[in-house]
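J.: make a model of this:
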Amino acid sequence: MAKVDTSLVAHLPMFAGVKPDDLDEILREARSARYPRNTAIFEQGADAQSFFLLLHGHVRAAKTTPTGEQIVVRYVAPGETFGLAMAIGAAHYPATALAVDDSVVLIWPTSAWPRLVERFPALAANTMQTVGKRLQESHTRILEMSTQQVEQRVAHALLRLANQSGKKLDHGIEIDFPISRQDIAQMTGTTLHTVSRILSGWESQGLVESGRQRIILREPHKIVVLAERSPDSGAA
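T.: Next comes the predicted model:
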């Protein structure tokens, strides 16, 4: 593959504290690949043969339950790593990764992981920090599912996405990748009907603007208020 310009990736969390010469060596172990929109990068349950760094695009990680329900675990933004099964001692991918728009990734073979982390401890530390952060995010979402009303959960989901991948516009913040109401439902443990009702209500109040796989937060501060309201201030 073409050599990756280290200046394009040296600032990423994965490589924090890694020396330039060491970064060159780490990148030599990788290959790049392009995934068109709606293409699976790996499937839930498949052998975890690689781990990934997203350079361009967005990736949705979704898990299918034994009853066939889809749960959106998280969205991956440019500069983030994913497919880190080896870092938690898993032999198989726990979820499916799908490119939600045209995406470019760097791919390392899992077999290189023990050698890389032995030679470059900063890489191991950065990866474990990422895993820990995502575990904390999962705990936060579980707490939300257990204690919050659906409207609060939807508000929190939109705020997280806007914070991660928001594009500032004159009239608000746009979530800068294709996302549907069904995706929001699968993130928040509710139904498409409920999400549609909530977003339609918010649209009538001028809080959001949504179209086909497009959401703009027109009044993000008011969405924050909805997310943080007390549990007994409305119906579940």
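
J.: outline the domain layout of the protein.
T.: For the chain, the structural domains run 6-136, 148-228, going by automatic domain parsing.

J.: nearest to Ile142, of the ones you listed?
T.: Of all the domains of the chain, domain 148-228 sits nearest to Ile142, with 9.8 Å by C-beta to C-beta. Every residue, glycine included, has its C-beta placed from N, CA and C.

J.: on that earlier part again, which one of the domains of the chain is the most hemmed in?
T.: Among these, domain 148-228 has the highest mean neighbour count (mean count of other C-beta atoms under 10 Å), at a mean of 18.

J.: if we can go back for a sec, as TSV, the domains of the chain with mean pLDDT would be great.
T.: Output for those, formatted as TSV (pLDDT from 0 to 100):
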stretch	mean pLDDT
domain 6-136	94
domain 148-228	94
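
J.: can you put these in a markdown table and add distance to Ile142?
T.: Putting those into a markdown table (distance: least, C-beta to C-beta, whole Å) gives the following:
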| stretch | distance to Ile142 |
| --- | --- |
| domain 6-136 | 11 |
| domain 148-228 | 10 |
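
J.: need the next SSE after the biggest helix by length in the chain, C-terminal direction.
T.: Secondary structure of the chain per DSSP state H: the longest helix is helix 121-147. Tracing the chain past helix 121-147, the next element assigned as helix or strand by DSSP states H and E is helix 150-165.

J.: can you list contacts of that next one?
T.: If you take C-beta atoms under 8 Å, 6 or more residues apart in numbering as the criterion, helix 150-165 is touched by 58, 75, 77, 144-145, 148, 173, 175-177, 179, 184, 187-190, 194-195, 198-199, 208, 215, 217, 220, 223-224, 226-229, 231, 234, 236.

J.: mind checking which of these are in strands?
T.: Among the contacts of helix 150-165, DSSP state E puts Tyr75, Ile173, Ile175, Val208, Ile215, Leu217 in strands.

J.: and which of the residues you listed is nearest to Ile26?
T.: Taking the ones in strands among the contacts of helix 150-165 together and measuring to Ile26 by C-beta to C-beta, the closest member is Tyr75, at 25.1 Å.

J.: ok, that closest one touching Ala99?
T.: No: contact criterion C-beta atoms under 8 Å: Tyr75 and Ala99 do not qualify, at 11.2 Å.

J.: anything in contact with each of the two?
T.: Shared contacts of Tyr75 and Ala99, defined by C-beta under 8 Å, 6+ apart, are found at His58, Val59.

J.: quick one, what contacts the residue nearest the centre of the chain?
T.: Nearest to the geometric centre of the chain sits Tyr75, at 2.1 Å (C-alpha atoms, centre = their mean). Residues near Tyr75 by C-beta under 8 Å, 6+ apart: His58, Val59, Arg60, Ala61, Val100, Leu161, Gln164, Ser165, Phe177, Ile179.

J.: separation between it and Leu54?
T.: Here Tyr75 is placed at a distance of 10 Å from Leu54 (C-beta to C-beta, to the nearest Å).

J.: likewise for Ile216?
T.: Distance of Ile216 to Leu54, given as C-beta to C-beta: 23 Å.

J.: verify the stated contact: Leu54 with Val76.
T.: Yes: between Leu54 and Val76 there is a contact at 5.3 Å, judged by C-beta under 8 Å.

J.: so what sits against both of these two?
T.: The contact sets of Leu54 and Val76 overlap at Phe82 (C-beta under 8 Å, 6+ apart).

J.: on that earlier part again, now, the most widely separated pair of the ones in strands among the contacts of helix 150-165?
T.: Farthest pair in these (C-beta to C-beta) is Tyr75 and Val208. Separation: 17.7 Å.
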